[in-house]
Structures are given as C-alpha cells and as structure tokens.
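In: with the sequence up front, the predicted model follows.
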Amino acid sequence: MSFSERFNNVITGVISGIIIPVIAFLVFYLFTSQGLSLIQYIEKCLEVGNLTQIISVCVFINITIFLLFNHLDMLRASKGVLGITIIWALFVFAIKVF
C-alpha cells in the first residue's frame, strides 16, 4: 500500500487542516510574543482587534496543503482540508461579528 493510498481519507485532511494552522499560529506567536504568555498574547490580540487577521493568515496555509493533496491525487484528503478550511472561515466570521 503506497503513501497516497494509505493517507487518502477525509480524516487525514481534517487532522492536517486543524493541526497545521495551529502550528502556524504557535510559530507566529513565538516570533511576535515579546515575552507574553500565550493567554496574554491572545488577550492582547483580542484587545487590539487583530486576532481574526492572525487566524486568517494561519489558515491560509491550508491552501498549500489542499494543493499538495490535490497534486498527489489524494482527493478524499483534499475534501477534508477544504471542509475544515470552511469551518475555520466560519470561526473567523463568528469572532468578527461577535
């Protein structure tokens, strides 16, 4: 069983669509935190009003994952990434509205 056959399922796409933006946010936090704890950093981002922009940039990486899965002909995994990206977009919209 090849790599693409083994990991060509929706669960792989969902997991990678959730984990990769979280990792991107943590990397973004490490470079821009200026000594704040994670909770303080999130509170400051909410206070300033740029948390939705940061999340949007982190979720933008899902496009790369989607295109990679699509290039490898892993269409089921691509569906998972696309679904989670839509959920992330709804999450950002909910934060922005409320």
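Out: Nice, I can see it.
In: make it CA atoms for all contacts and neighbour counts henceforth
Out: OK.
In: what sits against the residue nearest the centre of the chain?
Out: Geometric centre of the chain, nearest residue: Pro21, 2.7 Å, by C-alpha atoms, centre = their mean. By C-alpha atoms under 8 Å, 6 or more residues apart in numbering, the contact set of Pro21 is 55, 58-62.
In: run a quick neighbour tally on the residue nearest to Phe25 when sequence neighbours are not counted.
Out: The shortest distance from Phe25 to any non-neighbouring residue, by C-alpha to C-alpha, 6 or more residues apart in numbering, is to Cys58 (5.8 Å). For Cys58, the count of nearby residues is 19 (other C-alpha atoms under 10 Å).
In: let the chain start at 19 from now.
Out: Will do, 19 is the new start, and the previous item becomes Cys76.
In: three-state assignment of Asp91?
Out: Following DSSP: H, G, I helix; E, B strand; the rest coil, the label given to Asp91 is coil.
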